[in-house]
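>>> The following block contains a protein sequence and its predicted model.
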Amino acid sequence: MITSVHVPLLVSLLLAGISPVLAARLSPARAAVALVAASAAAAAASTAWALMFLAVTLGLVTPLLSARVAAHGGWFIDSIPAVLAAALVSGLGAGTVRVVAVLRRRRRVTRELHALCETCGVGREELVVAPIAHPHAFAVPARFGRVESTGGRILVTVGMLRALDAAERRALLAHERAHLICRHHRQRAIVEFAAALNPLLIPARSAVGYLVERAADEHAATTIGDRRVAAYALATAAIAGASPAGTHRGIPPDAALGYSRFGVARRVAALHAAPLPERRLPPMLLIALATVTAAETLHTAHNLAAFSVAEFGQTLVAGF
């Protein structure tokens, strides 16, 4: 099968265009998984092509080698314009810097939330209440290598507990517990790295951030058995969090998986409506398209690497 350099670009543009549609019309949990998988595949494909183009620019790929790759089911080029080559080098460098920045930010936020849990918590209980006036709630994933029943701890501030009544608190805890059980932090991490490598996937990153919150909302509504209470809890938390009263001291300003973030108005409206149907075909088609794109790109890269090693070996033998 012939792989074109334009396919990863077209898949990335497709994901950017349909991400908002999937977020609005499909079951949130299924749509989030599909977008995460497709974004990872598209980012891998686009990065692989950028690296192969860079190899052409640096003269590591000869016309003969390009022809051999094409003859074995791949697709390649012999040369690229200097302007495109410079853009590719700049894009690869910028993507690497963005990935490192995302990794450092996520590690810093997780480390600060764990430190706050250790300061305010007693033992290894799931719920940790922080003596902070401003309303906040977070799902804090377990540290690497630690085994916990729900995969982490729930950090809630005193201000958040005061803003909610008993039923709304149950909805809040069920929401945060869903983040831990479903490992939503991993889904968001994957799509954030994908968007860092390929900025065309930024809409997919935003859609996944919204979808994992919607999935947790649905889990909370199902757990407590009342969609209206779940909606009231979310709306109350958002209104309390928007108040200028209180302080953010002790809470990382860009902490992930905040309860009252990511399209609160749309989420409240969705909880007041009936749950979306579980459609399997669109997510499966999306995953299949992105997987085929990544597989063909990696196949071409494998052929390029194999033939490069063979050509290098032949050169050494000829030299002796």
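Yep, it's here.
>>> contacts for the helix or strand where V128 lies?
Secondary-structure assignment from DSSP states H and E places V128 in strand 127-130. Residues external to strand 127-130 that are found in contact with it (C-beta atoms under 8 Å, 6 or more residues apart in numbering): 116-117, 120-121, 136, 140, 153-158, 161, 173, 250-251. C-beta coordinates here come from the backbone N, C-alpha and C atoms, glycine included.
>>> Quickly check those residues for the two that are furthest apart.
L173 and G250 (20.6 Å; C-beta to C-beta).
>>> out of these two, which sits in the more crowded spot?
The neighbour comparison of L173 against G250 (other C-beta atoms under 10 Å) goes to L173, with 19 against 16.
>>> Sketch out the helices for the stretch 201-320 of the chain, chain order is fine.
Counting by DSSP state H, counting those that start in this stretch, the stretch 201-320 of the chain has helices at residues 202-224, 227-242, 264-272, 281-319.
>>> To clarify, my last question referred to the stretch 51-200 of the chain.
Counting by DSSP H, counting those that start in this stretch, one finds helices in the stretch 51-200 of the chain at the ranges 63-71, 82-120, 158-163, 166-181, 184-197.
>>> weakest of those helices by average pLDDT?
Comparing mean pLDDT across these, the weakest is helix 63-71, with a mean of 54.
>>> If you drop the residues flanking it in sequence, what lies closest to A230?
Ranked by C-beta to C-beta, 6 or more residues apart in numbering and with sequence neighbours excluded, the top spatial neighbour of A230 is A221, at 4.0 Å.
>>> now the one you found: how far from L155?
Distance of A221 to L155, given as C-beta to C-beta, to the nearest Å: 22 Å.
>>> now L35
Using C-beta to C-beta, we find L35 at a distance of 27 Å from L155.
>>> These two: which has the busier surroundings?
A direct count of neighbours by other C-beta under 10 Å for L35 and L155 places L35 higher, at 31 against 25.
>>> How about the contacts made by the more buried one?
Applying C-beta under 8 Å, 6+ apart, the residues contacting L35 are 15, 19, 22, 191, 204, 207-208, 211, 286.
>>> quick one: which of those is nearest to A238?
Comparing the contacts of L35 against A238 with C-beta to C-beta places L211 closest, at 17.9 Å.
>>> Which element, helix or strand, includes the closest residue in space to the closest one that isn't next to it in sequence?
Spatially, and ignoring its direct neighbours in sequence, L211 is nearest to A32 (3.8 Å; C-beta to C-beta, 6+ apart). Using DSSP H and E, A32 sits in helix 28-57.
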